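Asker: When you get a sec, could you give me coordinates for this:
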Amino acid sequence: MIGSLIGAAVPRLEGPEKLAGQALYAADIALPNTLWGRILRSPHPHARIRGMDAAGAWRVPGVRAVVTGPDIPGHLMGKVMRDMPVLCWDRVRFVGDRVAAVAAETADAAEEALDAIRVDYEELPGVFDPLEAMLPDAPLLHDDVAGYDGAPARWLAPDLHNGCTRLRYGNGDVEQGLREADLVLEHTFRIPSRHQGYLEPHASLVAIDDDGRIQVWTSSKAPFRARSQVAKAIGVTEEQIRVNVVFVGGDFGGKGDALDAPIAYYLARQAGWPVKIVMSYGEELMASNPSHATVITIRSGVMRNGRIVARSVRTVHACGAYAALKPNAALSVWHHVGGPYRVPHAEFEFLQVYTNTTPGGYFRAPGAHQHTFALESHTDIIARELGMDPAEFRLRNMIGEGEEDAIGARLRGIKAREVLQAALNAAGWDRPKPGPNHGRGIALFGRLIGGGAAGAVVTAEPEGTIAVLIPTIDQGVGTHTIVQQLVAEDMGLPLERVRVVVGDTDTAPYDDGPRASRVTYTEGLAVLKACGELRARLAEHAAQLLDCREEDVAYRDGAFSGEGRRVSLGATAAAADAGRPVAVTVREDAPLIEDVSYFCAQVAEVEVDPETGQVRVDRLVTAHDVGTIINPVTHQGQIDGGVATGIGLALTEELVQTEGHITNAHLGDYKLPTIADMPPLDTVLVASAGGTGPHGAKAIGEFSNNPPPAAIANAVADAVGARLFELPITAERVYQALNGAQPR
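Answerer: Numbering: from 1, shown residues only. The predicted structure is shown next:
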């Protein structure tokens with residue numbers, strides 16, 4: 001029945017395959033004669049390579065290939081900006097930098113061969129803090145940033161020592177606003193680097209066909225972008241590479257590249273056999289693409305009546321040693337920079353500064369959890385300083401429909417006020433707290449959604465079924481299930497008559513990959529457009545079968561009708577092309593809708609032990625602006641998973657760095673939260689019109705993970721008066737704040 005599939009709790013399409021252990025990930029692909037590849041990494045954060053001797057590696061039985069940086073000098077890789085060596089030939093810039101690789105018949109032989117490679121390093125001074133890296137006497141990591149292929153000229157920061165990129169946004173006259181303000185407050189916040197926490201490590205398998213065609217299997221959510229990265233890194237055309245499709249075991253922003261595939265290629269080319277490289281989790285935590293350690297300074301001018309009049313924000317991200325692992329070279333903070341508040345005079349600066357640390361990559365809503373922690377903590381401090389309730393202060397300054405945000409962007413569809421009020425009501429904000437040392441804290445987050453390339457091949461089959469070939473990887477969010485529901489609904493068919501498969505780079509239209517909470521919007525538009533074109537193409541043949549004019553043909557519930565007669569979709573498809581399936585290919589470039597922003601508001605309730613500083617989150621309320629929900633199970637899954645991520649960012653997760661070394665590069669020490677760490681979660685859905693996705697759907701993917709750190713920090717301050725300016729919120733830091741330690 002039409003309408004019954006939109007909003008239905010349809011089980012995940014790939015669920016049975018995953019539960020049965022039949023889903024194949026990159027590390028599972030088994031080809032004859034596959035060799036194990038391993039990578040030798042720098043033990044130094046900064047050093048010159050004076051020499052390298054790999055002769056010992058060749059003496060290890062079973063070794064079939066050895067490649068060093070000096071063997072392939074000049075080969076750089078990156079998503080957009082190619083500043084990271086495939087293998088370092090002259091200098092290393094972080095602990096974990098790749099200098100050599102081997103391929104052997106067994107993993108043990110590969111490890112033994114790595115141990116036999118000798119590298120002569122001349123250690124150089126390193127710099128690890130982004131603020132220190134900008135000082136004129138700090139070591140310079142890159143001599144000519146603008147000279148790198150793909151360097152974004154409009155965003156580069158050549159005037160800064162170790163500067164990589166600079167983004168600026170503003171509105172009004174900040175200095176004037178600060179002069180007019182009754183009170184000016186300034187605070188600095190520090191956020192450490194974090195790993196995305198996907199359980200499948202990066203893995204790549206490369207095989208070279210007899211005709212020289214390069215076959216790649218890699219744990220990347222963006223096969224077309226991975227193909228481009230590999231092609232540019234090794235110096236071949238994209239047409240010479242086929243990226244085959246595998247399941248991706250989690251992403252959260254960190255699986256958008258072909259991290260070690262170029263190295264696997266060089267090993268496979270030398271050995272003449274396929275080569276597989278699978279990172280250990282120690283390598284993941286040391287050398288993949290974590291979020292950026294960040295220092296944020298916010299200065300705001302306010303009036304005594306609670307009105308914000310001016311704001312200046314300077315965000316300095318530790319880029320790490322390279323900018324290669326970011327799709328835009330810079331962080332896409334334009335999605336959320338203005339925030340939900342009315343600020344007539346504002347300026348925001350976002351810097352990336354090279355440091356001798358692990359190269360930063362994207363993390364679910366890049367830059368957002370850092371920015372939100374600082375902005376929403378600062379907002380609470382202002383409210384307390386003015387003697388105002390934090391909720392009332394926010395509501396007094398909140399933008400409404402058609403108003404400009406802090407950077408002068410005029411927005412529509414604004415439901416920030418409604419979402420915050422819903423969260424406050426559900427949390428019982430005005431009720432007395434359960435007891436002493438209990439506190440409640442608020443945080444909000446809003447963002448746009450992304451646009452860009454998507455596509456689909458929708459095929460009507462003589463059996464009356466629809467096959468949908470899409471280019472979009474389902475990295476765990478239920479994308480293929482949503483596509484199945486959309487197509488089945490649009491074509492008036494039962495779910496079981498719609499088959500969804502993902503194509504590789506040879507068979508599917510181009511796609512940017514899952515990012516920016518865009519997939520239901522972009523891929524949804526593509527498949528629905530393809531369904532419409534397919535019906536139009538078949539209507540001509542249906543008219544012949546029905547003996548009526550084409551304009552009199554109607555389609556409903558899997559059949560064409562006209563002149564009082566009906567003919568099934570399958571019969572029409574069979575007649576259309578001599579019994580062969582009828583396919584329509586759509587390539588869609590969905591526009592970026594820059595004047596619509598969706599919001600999430602959260603209230604955390606905590607209890608703090610003042611003797612130890614231990615924080616327990618007793619409850620978390622998360623409220624969301626939603627349109628039509630295509631699948632409530634996958635929708636709630638995005639919220640639940642995001643909250644779990646946010647709890648980890650707030651309380652436990654931190655890549656601890658000491659002079660460039662990650663000292664907790666083990667899952668036993670890097671404290672990902674588990675279900676035992678999750679508080680009771682109350683979800684409030686504030687339904688409204690205006691969604692830009694199919695059937696009025698709105699984005700949900702990158703919202704609930706961002707407010708928890710600020711909401712919990714604000715709740716801790718409310719409970720015991722301890723204000724945290726640094727994450728994570730550990731018992732030690734709370735204890736220090738309670739006992740007079742000065743904030744940074």
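Asker: Now Arg549: closest residue in space that isn't a chain neighbour?
Answerer: Ala543 (6.3 Å; C-beta to C-beta, 6 or more residues apart in numbering). Every C-beta, even on glycine, is put in place using the N, C-alpha and C of the backbone.
Asker: And the pLDDT at that neighbour?
Answerer: pLDDT recorded at Ala543 is 94.
Asker: need the next SSE after whichever strand or helix holds it, C-terminal direction.
Answerer: Using DSSP states H and E, Ala543 falls within helix 519-546. Note on helix 519-546: by DSSP H and E, the next helix or strand toward the C-terminus is strand 554-556.
Asker: just checking, what packs against that following strand?
Answerer: Counting contacts by 3 or more C-beta pairs under 8 Å, 6 or more residues apart in numbering; DSSP states H and E, strand 554-556 packs against helix 519-546, strand 559-562.
Asker: which secondary structure elements does the helix holding Ala543 contact?
Answerer: Using 3+ C-beta pairs under 8 Å, 6+ apart, helix 519-546 sits against strand 452-460, strand 466-470, helix 479-491, strand 554-556, strand 559-562, strand 565-568, helix 569-576, strand 582-590.
Asker: among these, which is nearest Leu411?
Answerer: Distance to Leu411, taken as C-beta to C-beta, is lowest for strand 582-590 among the helices and strands packed on helix 519-546, at 19.1 Å.
Asker: Val458 touches Val483, doesn't it?
Answerer: No - contact status for Val458 versus Val483: not in contact, 10.0 Å apart, counting by C-beta atoms under 8 Å.
Asker: Between the two, which contacts overlap?
Answerer: Common contacts of Val458 and Val483 (C-beta atoms under 8 Å, 6 or more residues apart in numbering): 468, 527.
Asker: and the angle from the helix holding Ala543 to helix 479-491?
Answerer: Here helix 519-546 runs at an angle of 30 degrees relative to helix 479-491 (axes from the mean of the first three to the mean of the last three C-alpha atoms, to 10 degrees).
Asker: Okay, buried residues for helix 519-546 please.
Answerer: Applying a neighbour-count criterion of 16 or more other C-beta atoms under 10 Å, one finds 519-531, 534-535, 537-539, 541-543, 545-546 buried in helix 519-546.
Asker: chain center to that helix, what's the gap?
Answerer: Distance of helix 519-546 from the chain centroid (C-alpha atoms, centre = their mean, to the nearest Å) equals 32 Å.
Asker: Please work out the angle formed by the directions of it and strand 452-460.
Answerer: Comparing the axes of helix 519-546 and strand 452-460 via the same axes, to 10 degrees yields an angle of 30 degrees.
Asker: need the helices for the stretch 351-500 of the chain, in chain order.
Answerer: Secondary structure of the stretch 351-500 of the chain (DSSP state H, counting those that start in this stretch): helices located at 368-386, 390-397, 416-427, 479-491.
Asker: Now render those helices as JSON lines, adding mean pLDDT and distance to Asp182.
Answerer: Output for the helices of the stretch 351-500 of the chain, formatted as JSON lines (pLDDT from 0 to 100; distance: least, C-beta to C-beta, whole Å):
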{"stretch": "helix 368-386", "mean pLDDT": "96", "distance to Asp182": "9"}
{"stretch": "helix 390-397", "mean pLDDT": "98", "distance to Asp182": "14"}
{"stretch": "helix 416-427", "mean pLDDT": "97", "distance to Asp182": "25"}
{"stretch": "helix 479-491", "mean pLDDT": "96", "distance to Asp182": "50"}
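Asker: In stretch 446-466, which residues are buried?
Answerer: Here stretch 446-466 shows 446-462, 464-466 as buried, counting by 16+ other C-beta under 10 Å.
Asker: quick revisit: can I get the helices and strands packed on helix 519-546 in CSV with distance to Val603?
Answerer: As requested, these are exported to CSV (distance: least, C-beta to C-beta, whole Å):
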stretch, distance to Val603
strand 452-460, 34
strand 466-470, 38
helix 479-491, 29
strand 554-556, 46
strand 559-562, 51
strand 565-568, 53
helix 569-576, 50
strand 582-590, 34
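Asker: Which of the ones you listed sits closest to Phe703?
Answerer: Across these, Phe703 has its closest neighbour in helix 479-491 (17.1 Å, C-beta to C-beta).
Asker: How about the secondary structure of the residue nearest the centre of the chain?
Answerer: Nearest to the geometric centre of the chain sits Gly253, at 2.4 Å (C-alpha atoms, centre = their mean). Applying DSSP: H, G, I helix; E, B strand; the rest coil to Gly253 yields a three-state assignment of coil.
Asker: The residue nearest to it when sequence neighbours are not counted - how many residues pack around it?
Answerer: Counting by C-beta to C-beta, 6+ apart, the nearest residue to Gly253 once its immediate chain neighbours are dropped is Tyr362, at 3.9 Å. Tyr362 sits with 28 neighbouring residues when counted by other C-beta atoms under 10 Å.
Asker: Surely Tyr362 touches Asp251?
Answerer: No - at 9.4 Å, Tyr362 does not count as touching Asp251 under the criterion of C-beta under 8 Å.
Asker: Tell me which residues of stretch 47-57 come out buried.
Answerer: If you call a residue buried by 16+ other C-beta under 10 Å, then stretch 47-57 has these buried ones: 47, 49, 52, 54, 57.
Asker: for the helix or strand harbouring Val603, the distance to its chain's centre please.
Answerer: Assigned by DSSP H and E, Val603 belongs to strand 598-608. Centroid displacement of strand 598-608 relative to its chain, using C-alpha atoms, centre = their mean, is 22 Å.
Asker: Next, the angle helix 416-427 makes with it.
Answerer: 30 degrees.
Asker: For Gln657, list the residues it contacts.
Answerer: Going by C-beta under 8 Å, 6+ apart, Gln657 touches 128, 192-193, 293, 357, 663.
Asker: circling back: quick one: closest of the helices of the stretch 351-500 of the chain to Ile729.
Answerer: When those are compared by C-beta to C-beta, helix 368-386 sits nearest Ile729, at 10.0 Å.
Asker: In this structure Pro73 contacts Trp89, no?
Answerer: Yes - between Pro73 and Trp89 a contact is recorded at 4.2 Å, counting by C-beta under 8 Å.
Asker: Which two of the contacts of Gln657 have the greatest separation?
Answerer: By the measure C-beta to C-beta, Ala293 and Thr663 form the most distant pair in the contacts of Gln657, at 14.1 Å.
Asker: Which of those two has more residues huddled nearby?
Answerer: Ala293 (26 against 11).
Asker: For that one, give its distance to Phe128.
Answerer: Here the criterion is C-beta to C-beta, to the nearest Å. By it, Ala293 lies 9 Å from Phe128.
Asker: again, but for Arg518
Answerer: The spacing between Arg518 and Phe128, counted by C-beta to C-beta, is 35 Å.
Asker: Those two: who's more crowded?
Answerer: The neighbour count for Arg518 versus Phe128, taken as other C-beta under 10 Å, is higher for Arg518 (26 against 19).
Asker: which residues of the stretch 251-400 of the chain fall in strands?
Answerer: Ranges of strands within the stretch 251-400 of the chain are 275-278, 294-302, 308-320, 345-354, based on DSSP state E, counting those that start in this stretch.
Asker: so what strands line up beside the longest one?
Answerer: This means strand 308-320. In the sheet, strand 308-320 lines up against strand 294-302 (antiparallel), strand 345-354 (parallel) (DSSP bridges).
Asker: Sounds good, over and out.
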